[in-house]
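Student: My questions concern the predicted model and sequence given below.
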Amino acid sequence: MAFWNEPKKSKGAAAAGTKPVLVVIAGCAGSGKTFLGGQLTRRLGWTYVDKDTVTRGFTDMLLVDKGHTIGDRESSLYCDHIRPVEYQVTLKVCEENLRLGNSVILTAPLIAQIKSYDAWQAMLNEYGIYFDGADVRFIWIAHDIDREYTRINQRNAARDTYKLAHWEEYALGVEDIAPDPRFGAYVFENDSSTVDETDIEDIIRWIKK
């Protein structure tokens, strides 16, 4: 099931299909970002960029080098120093593809940014990221803490070790998340482990509007 608001349109926007599209799929850990991103990428044939894939190798190395564990994704070292670089590098990869005319599916948590359009714009400005020539759209995967806990347990990834060990603290930190209305985000209820073709087709129609 899904619902969406009308996406924000800029004045003088080119007709649909005349410029590359960036679809940002945001959501909490275990929400199904990679699953949805993969399904859309297979059907659209666009470039796929996943923050974890782009950055995991150097993040794991940095954490261990600084005396932390690979799963310590809640520490000040990670949140204040490493994660900003992860986002900068990932967004630069998207920017470069868009500049070359390639439409992109991006999967990344973007929890702080999805709550505030101003925070998203401030991050782009800080990193010198420019998406002016692209049609940028957001998909938010609706937050369900119990479902996310089940999925994180099932995937058994080292990066989730700290999160699982401090689950109550983590859960409190991600309560009441909703996209800023200014994003015009498509809100997707990922309540299944199998593909609902109707939902996927509905999202693709929305992307191509």
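Tutor: Received it, and whenever you're ready, just let me know what you need. From a predicted model like this one, the values you see are computed outputs, not experimental measurements.

Student: Do a quick rundown of the strands in this structure.
Tutor: According to DSSP state E, the chain carries its strands in the segments 2-4, 21-26, 47-50, 104-107, 135-141, 186-188.

Student: By residue count, tell me the biggest helix in this protein.
Tutor: helix 83-99 (DSSP state H).

Student: Now do that one against strand 21-26, angle only.
Tutor: Note on geometry: by axes from the mean of the first three to the mean of the last three C-alpha atoms, to 10 degrees, helix 83-99 and strand 21-26 are set 160 degrees apart in direction.

Student: which one of the strands of the chain has the most crowded surroundings?
Tutor: Burial of the strands of the chain is given as mean neighbour count (mean count of other C-beta atoms under 10 Å); strand 104-107 ranks first at a mean of 26. C-beta: built from backbone N, CA, C; applies to glycine.

Student: For it, output the C-alpha coordinates as CSV.
Tutor: Backbone C-alpha positions of strand 104-107 (Å, rounded to 0.1, in the frame of the first residue of the first chain) are rendered in CSV as follows:
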residue,chain,number,x,y,z
VAL,A,104,19.8,7.5,-10.7
ILE,A,105,18.1,5.4,-8.0
LEU,A,106,19.7,6.3,-4.7
THR,A,107,19.2,4.4,-1.4
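
Student: who does it touch, helix- and strand-wise?
Tutor: Based on contacts counted as 3 or more C-beta pairs under 8 Å, 6 or more residues apart in numbering; DSSP states H and E, the elements that strand 104-107 packs against are strand 21-26, helix 33-44, strand 47-50, helix 83-99.
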